[in-house]
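*Asks:* from the sequence below, what's the structure:
(one chain, ligands or ions: 1)
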Amino acid sequence: MKSRILIIGACGQIGTELTAALRKRFGTDKVVASDIREGDEAMMAGGHFELLDATDYNAVEDVIFSYKVDTVYLMAAMLSAIAEKFPSKAWDLNMNSLFHVLNLAKEGKVRKVFWPSSIAVFGETTPSTNTPQTTVMEPSTVYGISKQTGERWCEYYHNKYGIDVRSIRYPGLISYTTEPGGGTTDYAVDIYHRALKHGEYRCFLQEGTTLPMMYMDDAIRATIGIMDADPADVKIRSSYNLAGVSYAPEEVVESIQKHLPDFKIAYEPDFRQAIADSWPQSIDDSMAQKDWGWSHEFDLDAITEIMLNNLKSRYA
Ligand code: SER
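*Replies:* Below is the predicted model of the structure:
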């Protein structure tokens, strides 16, 4: 019987923690981690691992076949800031990997799919506070365009072919295990590392840049939550709005200064400022709350405490 879970992009910021959570929940034999590169020791020693290029259809199909995979979490993607530097490579990775998995589902080789979307699907013309589930969406970044397009295809494959694909629009995610790579919200992770290591941080976003954020444990709970939900309750098959906390860099500074009073910040905005400015400040996630019982747990001070406590030993 096909019953294994495949995580594609298991060594990334979300994939690392998702793999650990799924291994813990279902047992190591049930979970197959994969990525284009090897992961850390916990990843490699903790269960099945395959080197896998998400854009290689045959390779993805082979792993699904040989491990009897039933469910795929497709976490491989090029994030917003780096995608601006490599537009066609980002499009290729973000779109083709999704098509491969959706087509494998269409052929009956996979039963269930999780695919992450992002607040990057929104743009300057979107109402920026309490952004509704259904609203104007004119993303201005390569990453945002790929995520919005992906949402349309997920809904299409669900409506047309009955594919059980589920998705959430992640806000910026904060975690200490694996660092994010190439995103616009990365400052909100970097800042804790720098605070401990150097006592100061040069922020690539301007003061006052409020963005939706979330602690990783909440994001993992949401991911597993939507995948656990009864299919009939997952009414939105493009992607659900998801909210945690919203804050600007100076609020992180204040929160850090409660633990490290001498911590200093300097603002040196770069090209990522325009990306951040095009994204919402806060998200209305009432549909996720109503349809599959979502609610977030961690606020900014709780996140700061966890981040500093867990990163402390690294820079001692
Ligand atoms: N955190 C992502 C980024 O900054 C948004 O999905 O690109």
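*Asks:* how deep is residue 235 tucked in, by neighbour count?
*Replies:* 12 (other Cβ atoms under 10 Å). Glycine gets a C-beta too; all of them are placed from N, C-alpha and C.
*Asks:* separation between the residue lying closest to it once chain neighbours are set aside and residue 241?
*Replies:* Take residue 235 and drop its neighbours on the chain: the residue closest to it by Cβ to Cβ, 6 or more residues apart in numbering is residue 291, 5.3 Å away. Using Cβ to Cβ, to the nearest Å, residue 291 is found at 11 Å from residue 241.
*Asks:* show me which of the two is the more surrounded one.
*Replies:* residue 241 (28 against 17).
*Asks:* now do the contacts for that one.
*Replies:* 131, 132, 133, 168, 169, 283, 284, 285, 287, 288 (Cβ atoms under 8 Å, 6 or more residues apart in numbering).
*Asks:* which members of these are the farthest-apart pair?
*Replies:* Within the contacts of residue 241, 132 and 168 form the most distant pair, 15.4 Å apart (Cβ to Cβ).
*Asks:* more neighbours, the two?
*Replies:* Applying other Cβ under 10 Å to residue 132 and residue 168 shows that residue 168 carries more neighbours, namely 24 against 14.
*Asks:* quick revisit: which SSE is the residue nearest to residue 235 in?
*Replies:* Assigned by DSSP states H and E, residue 291 falls within helix 286-292.
*Asks:* before we move on, what about residue 7?
*Replies:* strand 4-8.
*Asks:* what helices and strands are in contact with that strand?
*Replies:* helix 13-26, strand 31-35, helix 57-66, strand 69-74 (3 or more Cβ pairs under 8 Å, 6 or more residues apart in numbering; DSSP states H and E).
*Asks:* which residues sit in contact with the closest residue to residue 104 other than its chain neighbours?
*Replies:* Once flanking residues are discounted, residue 104 sits nearest to residue 110: 4.9 Å by Cβ to Cβ, 6+ apart. Shown in contact with residue 110 (Cβ under 8 Å, 6+ apart): 64, 69, 70, 71, 72, 101, 104.
*Asks:* all helices of the chain, in order?
*Replies:* Here the chain has its helices, by DSSP state H, at 13-26, 41-45, 57-66, 80-85, 87-91, 97-106, 142-161, 187-197, 216-228, 249-257, 272-278, 286-292, 300-311.
*Asks:* pretty sure residue 16 sits against residue 180.
*Replies:* No - in this structure, residue 16 is not within contact of residue 180 by Cβ atoms under 8 Å, at 10.8 Å.
*Asks:* more neighbours: which of those two?
*Replies:* residue 16 (25 against 21).
*Asks:* contact partners for the nearest residue to the more buried one once chain neighbours are set aside?
*Replies:* What sits nearest to residue 16 in space, not counting adjacent residues and going by Cβ to Cβ, 6+ apart, is residue 178, at 4.2 Å. When contacts are counted by Cβ under 8 Å, 6+ apart, residue 178 touches 11, 12, 13, 16, 17, 40.
*Asks:* which positions in this structure make contact with the ligand?
*Replies:* Residues of the chain lying close to the ligand (Cβ under 6 Å from any ligand atom) are 79, 80, 118, 119, 120, 143, 170, 172, 183, 184, 185.
*Asks:* for those, which one is nearest residue 304?
*Replies:* Once Cβ to Cβ is applied, the member of these that ends up nearest residue 304 is residue 172, at 14.5 Å.
*Asks:* I figured that closest one hits residue 215, correct?
*Replies:* No - using Cβ under 8 Å, residue 172 is not in contact with residue 215, being 10.4 Å away.
*Asks:* of these two, who's got more company?
*Replies:* Higher neighbour count among residue 172 and residue 215: residue 172, with 26 against 22, using other Cβ under 10 Å.
*Asks:* can you add mean pLDDT and give the helices of the chain back as a markdown table?
*Replies:* Listed next are the helices of the chain as a markdown table, based on pLDDT from 0 to 100:
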| stretch | mean pLDDT |
| --- | --- |
| helix 13-26 | 98 |
| helix 41-45 | 96 |
| helix 57-66 | 98 |
| helix 80-85 | 98 |
| helix 87-91 | 98 |
| helix 97-106 | 98 |
| helix 142-161 | 98 |
| helix 187-197 | 98 |
| helix 216-228 | 98 |
| helix 249-257 | 98 |
| helix 272-278 | 98 |
| helix 286-292 | 98 |
| helix 300-311 | 98 |
